[in-house]
Structures are given as C-alpha cells and as structure tokens.
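>>> the following comprises the amino acid sequence and a computationally predicted model.
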Amino acid sequence: NSDLILYVNLELVNKKSDRRYVIKEMLGQGTFGQVAKCWDVETNTYVAVKVIKNQPAFYQQAIMEVSLLSMLNEKFDPDDQHNIVRMLDFFLYQNHLCIAFEMLGHNLYELLKRNSLRGLQLKYVQTFSRQILDALVVMKNAGIIHCDLKPENILITPNVKTAAGVKVIDFGSACMEGKTIYSYIQSRYYRSPEVLLGYPYTTAIDMWSFGCIVAELYIGLPLFPGASEYDVLCRMIEILGGQPPDDLLREAKNTARFFKHVGSIYRSNEAQNAPVSAYRILTGEEVEARESKKPKVGRWYFPRGRLDRLIFTYPWKNLNGENLPETEKTDCLALVDFLRGLVEFDPNKRWSP
Ligand code: ADP
Ligand code: MG
C-alpha cells in the first residue's frame, strides 16, 4: 500500500536486535500474539513488546499496525499530546515481527473488574471520555479507523502526577478510511450497526464503539453483551427503542439475516410517533428457520429497558433511580443525551469526535 509503506523502512524490520529487550513477565494475549513486559537495556526503561504470531496474515496486519501507528505518532501527534500509545521500535526476531511500545498500565476492562464491575464515578468517565475523544479526533483527521475500540484496548497511563489518564492502543485491526478491506471487524459487543449489517463503513464505527465504552464505564457492564450478532441487534433495538434506518437496511448486504421486509407498515416500538419502516427484526424462530440453527441469546443481567433507565438505575448503588440527588440526576440526563449522539443507528447522524 504505497501511501503507508513510506512510513515503514523495511530494512529496519530486518535489523538485528538480539540482546536489547529482556522479557520480565507476560502482560496479555490476543489474537495477534503475546505482549511481554521487557527491560530495555539500551534506555534502562520498561517497554511492552508485542510478539506477533509468525503467520503471513498476522505479519501483514502487523505491518499495517506499524505503518498506521508510526504515521499517527510522527505526523499527527509528534508531541505525544493526544492519548495515543507511542511505538518505540519494531524488529524481526526468530521470524516473529515484534513491536515495542511505551509501557502503560492496566486496561479499562481490568479496571472495571477491580471495581467489581460497578462502574466508575462520573468524573472519571468524563476524564477518560475526553481523552479518548482527543485520540479519535486525531485518528479522524488522519483518516484512520481503529476498528477494535473496546475497554481492553484502552490503557491507564501510569505515573501521571496530575490526573488519571488513558491511551488508545492496539492498531492491529486499523485501516484507512476509503480503503476498507475487511467486513468482519470490531469486537461483537462494540460492533456498529453498519458493520453488523454489512454496509460501507467510516470512522463513525469507532464513535459507536466509543459510545458503548462510555456507557460501560458508568454502568460497569457492557451495554450490548449479545451472545450472537442477532442478539446484539435485538439488544440495541430494545435499549435504544428504534432500529437502523430503512436506507441502511435497504442497501446493506446482511439485512436479510436479521430483518424481514414487511413493506412500509412496521412501527419499531410502541411510541406513537415512531417512524413506519419497511423492515422488522426477525423473531428467534424465524432466524432458526432461516439459518437452521437457534440463534445464541445471552442472559440479560440488566433490568431490561431503555437507555435512560439503565443510566439512572446503575451503578448498583443507585438501584432506585428516584433516590438520586438532584445534581446526579442532571448529570445522568446529560450522559443519556451524550450517549444518544454516539449510539445512534444512522452513521450520518451519529456525532463525530
Ligand atoms: P491484540 O491485538 O492481541 O489484542 P494488544 O495490542 O491489544 O494486542 O495487546 C494485548 C493486551 O496486552 C492489552 O489488552 C493490554 O492488556 C496488554 N498491553 C498491550 N500493550 C501494552 C502496553 N503498551 N503497556 C502495557 N500493557 C499492554
Ligand atoms: Mg487488543
């Protein structure tokens, strides 16, 4: 890919780097490989080294990660001010492509778990949201879609004297806007309607995932923890009280997997003023008949209901939303309004960073 390869000096990939990084412990595992905490004997600092599986597809995608991240770091964020992880080095070791990053702290999923999945105080939700948005602005300006935004890929920055901070990591699924190749992207809970339905996608898919993350940080649990893509869509429809717009459903490749064409008569929810649609979501039985297997449906660990109810009744300490102090009620209303702009079915109406 000619534009990108400029940022990767392929000779560097083959340089010998045998004794520089000493592995201390394993930090994480993913589809692409393993991440190790290493001691860098040249700079006397800890670094995180991602060791990519030595298979061509992973190697290719990791070259993309190196290209996009070096472009973001060097050209769009030279002074490290926009909450995007810094890449320090990359090299080939025993046929594995390795990428060295600055060492960061726990990811946001681990943070939520440590907090017993009760969610964070609103002030932290605000701080982290602002910082992630800052990164998303830079990515949008660079024309880069992250494609895998989720709590595991947002890390706490350690040793910040002034305030809590986060950085976006893992550009291992990222791509350039307008040069999208893959259709099966994003982690299921954070997958946007356009990706689920098979419709051309843009940086707006990251804003959907971002909305899911913001909600999760506050309530402590994923917003759409569907056990299948069908289950995710059903949850979106129930929680948001609507469905993807007809224009999208008409054009998208996978619509028939999830929706029945009923011809301009279907109201997607009970509301009087809900727009009439030509599509309705299939019932579980209809999906079973179509795919000859039952769709997987996960447990609802929320009281089922609309987004505003979820925000007002979680975290669990406020099991009864009516007991909320007036200031927190105002904050919750603002949060619901914010989320509505993000988890918006229509990618054209969804808020940009
Ligand atoms: P994958 O593409 O396999 O998901 P990631 O780049 O997301 O790989 O890394 C996997 C996990 O390793 C992350 O979720 C995080 O917990 C840990 N990790 C990755 N990069 C760093 C880093 N710079 N500092 C600390 N931990 C990291
Ligand atoms: Mg990851």
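Yes, it's here. Numbering: from 1, shown residues only. Ligands and ions are numbered 1, 2, ... in the order given.

>>> wait, doesn't Val47 sit right on Ile99?
No. Judged on Cβ atoms under 8 Å, Val47 makes no contact with Ile99 at a distance of 9.9 Å. C-beta here means a position set from N, CA and C on the backbone, and glycine is covered the same way.

>>> okay, and the common contacts of the two?
Residues touching both Val47 and Ile99 (Cβ atoms under 8 Å, 6 or more residues apart in numbering): Asp89.

>>> my guess is Arg290 contacts Lys260. True?
No. Counting by Cβ under 8 Å, Arg290 stays clear of Lys260, with 9.5 Å between them.

>>> ok, and the closest non-adjacent residue to the residue in the stretch 251-353 of the chain that ligand 1 sits nearest to?
Closest residue of the stretch 251-353 of the chain to ligand 1, Cβ to the nearest ligand atom: Pro353 (20.9 Å). Leaving aside its chain neighbours, Pro353 sits nearest to Leu136 (3.8 Å; criterion: Cβ to Cβ, 6 or more residues apart in numbering).

>>> Gly28 in helix, strand or coil?
Counting by DSSP: H, G, I helix; E, B strand; the rest coil, the backbone at Gly28 sits in strand.

>>> quick one: contacts for the residue lying closest to it once chain neighbours are set aside?
Spatial nearest neighbour of Gly28, excluding adjacent residues (Cβ to Cβ, 6+ apart): Val35 at 4.6 Å. By Cβ under 8 Å, 6+ apart, Val35 lies in contact with 26-29, 48-51.

>>> in which helix or strand does Val35 reside?
Assessed by DSSP states H and E, Val35 sits inside strand 33-40.

>>> pLDDT score for the nearest residue to Val138 once chain neighbours are set aside?
Nearest non-adjacent residue to Val138, counting by Cβ to Cβ, 6+ apart: His82, 4.6 Å away. Among the per-residue scores, His82 holds a pLDDT of 98.

>>> again with the one 3 residues further on
In the prediction, the pLDDT value recorded for Val85 is 98.

>>> please report how far the nearest residue to it once chain neighbours are set aside lies from Phe32.
Excluding its sequence neighbours, the residue lying closest to Val85 (Cβ to Cβ, 6+ apart) is Ile169, at 4.4 Å. Distance, Ile169 to Phe32, by Cβ to Cβ, to the nearest Å: 12 Å.

>>> what's the answer for Thr202, then?
Look at Thr202 and Phe32: by Cβ to Cβ, they are 24 Å apart.

>>> who has more neighbours out of the two?
Neighbours per residue (other Cβ atoms under 10 Å) separate Thr202 from Phe32, with Phe32 holding more: 22 against 19.

>>> and for the closest residue to that one other than its chain neighbours, the neighbour number?
Distance criterion Cβ to Cβ, 6+ apart; nearest residue to Phe32, sequence neighbours excluded, is Gly172 at 4.9 Å. Gly172: 24 surrounding residues under other Cβ under 10 Å.

>>> do the same with the one 3 residues further on
Cys175 has 21 neighbours, counted by other Cβ under 10 Å.

>>> just give me the neighbour total for the residue lying closest to it once chain neighbours are set aside.
Counting by Cβ to Cβ, 6+ apart, Ile145 is the residue found nearest to Cys175 once chain neighbours are left out, at 5.5 Å. For Ile145, the neighbour count with other Cβ under 10 Å is 27.

>>> can we start the residue count at 10 from this point?
Sure thing, new numbering starts at 10, so read that last one as Ile154.
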